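Asks: have a look at this prediction, sequence included:
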Amino acid sequence: MASDTADLKILSIDIGGSRIKATILNIAGDMLMDYEKIETPSSADPGHVMDAIQKLTKDFQPYDRVSVGFPGYVRGGVVFTAPNLGTDKWRNVKLAQLLAAKLNKPVRLLNDADMQSLGVAKGEGLEIVVTLGTGFGTAMLMNGNLLPHLELAHHPVSKDRTYDEYIGEAALEDVGEDRWNKRMKKVIAILKTVFNYDHLYIGGGNSRKINFDLDDNITLVTNREGIKGGAELWQKDEGHLISSSHPLSQ
């Protein structure tokens, strides 16, 4: 590990339902290399995913610490749900511990939307970050502090559909961009009414398909911006990261 915190190099990994992306950051969040990506293994079990991470990063420059964004509910370095990878394969997997052993570096693990939120939020009031990809990721912060993670993706948004089913990748492919954009307008209106957020950030690969005007307090952000949250993760005490500390009792 680097002796001076200012010289730390951080491997920042974003595990997605379709791809795994990674880059090296300095402690300020600047990318020291372009991010690389690899297809998420079709089996998507812990062993294959960790093997894919090792394959993806084997030629990366040396790094000191690791940050991982995971698509599900995680706490205390343990995975509890993985809707787009298979919860039955991932439940109670101590992913941070396993990756630390595999990569021989300290690892911090957060929900992927939570980690992206650390990269894009300004730390002013109630901020919400949503990601539009395979599913619907969500994160909330109050004055830069992560709030307990809520899996809004699995809350009903209509009589028989969750947010994942309503605006996720499969829904976009099924109904087309015009109807999907109408659904996105409805979802944004719900978030505005329920949370009265100060700012909403919309990221993920499908955010670029939004074709309507957004309020002044809504910002589209890129995956490149979000992956910088991997550096911010190591600038905070774990107690500051409410959603990642204190593992649930088994």
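Replies: Nice, I can see it. In this text the structure is predicted, and so the values were computed from the model without any measurement.
Asks: hey, let's count contacts and neighbours off CA atoms from now on
Replies: OK.
Asks: what ranges do the strands span in this protein?
Replies: Counting by DSSP state E, residue ranges of the strands within the chain are 9-15, 19-26, 36-39, 65-70, 74-75, 78-79, 107-111, 126-132, 136-142, 145-146, 199-203, 218-220.
Asks: okay if I get the ones you listed as JSON lines plus mean pLDDT and mean neighbour count?
Replies: Converted to JSON lines, the strands of the chain look like this (pLDDT from 0 to 100; neighbours: other Cα atoms under 10 Å):
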{"stretch": "strand 9-15", "mean pLDDT": "95", "mean neighbour count": "26"}
{"stretch": "strand 19-26", "mean pLDDT": "95", "mean neighbour count": "22"}
{"stretch": "strand 36-39", "mean pLDDT": "95", "mean neighbour count": "16"}
{"stretch": "strand 65-70", "mean pLDDT": "95", "mean neighbour count": "25"}
{"stretch": "strand 74-75", "mean pLDDT": "91", "mean neighbour count": "26"}
{"stretch": "strand 78-79", "mean pLDDT": "95", "mean neighbour count": "24"}
{"stretch": "strand 107-111", "mean pLDDT": "94", "mean neighbour count": "26"}
{"stretch": "strand 126-132", "mean pLDDT": "96", "mean neighbour count": "25"}
{"stretch": "strand 136-142", "mean pLDDT": "94", "mean neighbour count": "23"}
{"stretch": "strand 145-146", "mean pLDDT": "90", "mean neighbour count": "21"}
{"stretch": "strand 199-203", "mean pLDDT": "97", "mean neighbour count": "23"}
{"stretch": "strand 218-220", "mean pLDDT": "97", "mean neighbour count": "17"}
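Asks: Arg179: which of the ones you listed is closest?
Replies: When these are compared by Cα to Cα, strand 126-132 sits nearest Arg179, at 15.2 Å.
Asks: parallel or antiparallel, which strands does that closest one pair with?
Replies: If you go by DSSP bridges, strand 126-132 pairs up with strand 136-142 (antiparallel), strand 199-203 (parallel).
Asks: can I get the last one in PDB, CA atoms only?
Replies: It stands for strand 199-203. Extracted in PDB, the C-alpha atoms of strand 199-203 (Å, rounded to 0.1, in the frame of the first residue of the first chain):
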ATOM      1  CA  HIS A 199     -31.200  17.300  -7.300                       C
ATOM      2  CA  LEU A 200     -31.700  14.200  -9.400                       C
ATOM      3  CA  TYR A 201     -28.900  12.600 -11.400                       C
ATOM      4  CA  ILE A 202     -29.700  10.100 -14.200                       C
ATOM      5  CA  GLY A 203     -26.900   7.800 -15.400                       C
END
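Asks: the protein: helices as residue ranges?
Replies: 46-57, 87-90, 95-103, 112-120, 163-167, 169-195, 223-226, 229-232 (DSSP state H).
Asks: for Phe60, give me its contacts.
Replies: When contacts are counted by Cα atoms under 8 Å, 6 or more residues apart in numbering, Phe60 touches Ile24.
Asks: and it, how close does it get to Tyr35?
Replies: Going from Phe60 to Tyr35 by Cα to Cα, to the nearest Å gives 10 Å.
Asks: Gly29 too?
Replies: Counting by Cα to Cα, the gap from Gly29 to Tyr35 is 13 Å.
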